[in-house]
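A.B. asks: no FASTA, just this:
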C-alpha cells in the first residue's frame, strides 16, 4: 500500500505546510476488518486537538475531490500528534533528537541486545553514538545507521 502512503503524503504535505506544521508520518494500515489512514502532525510546542481537526477536515475535503479515488475501500481518517514518544524516521528527526533520550530497535544484536535506550550523543552520516546504562555501567555505543530497524523518542524513568 505504499502508493496510498505516497499519494496521501504528496496531497497532505502542502496542506500541513500551509499551517506551518510538520507532517511527521503517514500510514495506511488494516486493523481487524477496518482500514485506517493515519497522519501524524506536529509543530514546536506541540499540536492541539483543534489543529488536528482542522487538518483532518482539509485533507478529507481534498481526498473526496480526487478522481479516481486513491483509496477505493472504506477507511477511517485519523489526524493526530505523534506523541511524546514520536518516531524518528527522517534524517532531520535524528538531527533534532541529538541530546535527547531515545529508544532504538536494531535488525541484529549489537553486543548483547537488539534494543537500547539512551541519550543520542552524536550523529554522522553512517552511525550514531548512544550513551546507555548497562546494568549500572555507563557505556557509549556506536550504532551503524543501517542497523536501525526503528527509533523513537523515549521517556526516561
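C.D. replies: Yep, that arrived. No experiment lies behind these values; they were computed from the predicted model shown.

A.B. asks: count of neighbours near residue 144?
C.D. replies: Using other CB atoms under 10 Å as the criterion, residue 144 is surrounded by 12 other residues. Yep, even glycine has a C-beta here, placed from its N, CA and C like the rest.

A.B. asks: would you agree it is in contact with residue 126?
C.D. replies: Yes: Residue 144 lies in contact with residue 126 (CB atoms under 8 Å); the separation is 6.4 Å.

A.B. asks: could you list the domains of this structure?
C.D. replies: Domain ranges of the chain: 2-80, 91-153, per automatic domain parsing.

A.B. asks: as JSON lines, those with mean pLDDT would be great.
C.D. replies: Below are the domains of the chain laid out as JSON lines (pLDDT from 0 to 100):
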{"stretch": "domain 2-80", "mean pLDDT": "94"}
{"stretch": "domain 91-153", "mean pLDDT": "95"}
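
A.B. asks: strands of the chain, start to end?
C.D. replies: 22-31, 34-42, 76-80, 101-110, 113-123, 127-134, 137-144, 148-153 (DSSP state E).

A.B. asks: of those strands, which is nearest residue 95?
C.D. replies: Among the strands of the chain, strand 113-123 comes nearest to residue 95, with 6.4 Å by CB to CB.

A.B. asks: show me what counts as buried in the closest one.
C.D. replies: 116, 117, 118, 119, 120, 123 (16 or more other CB atoms under 10 Å).
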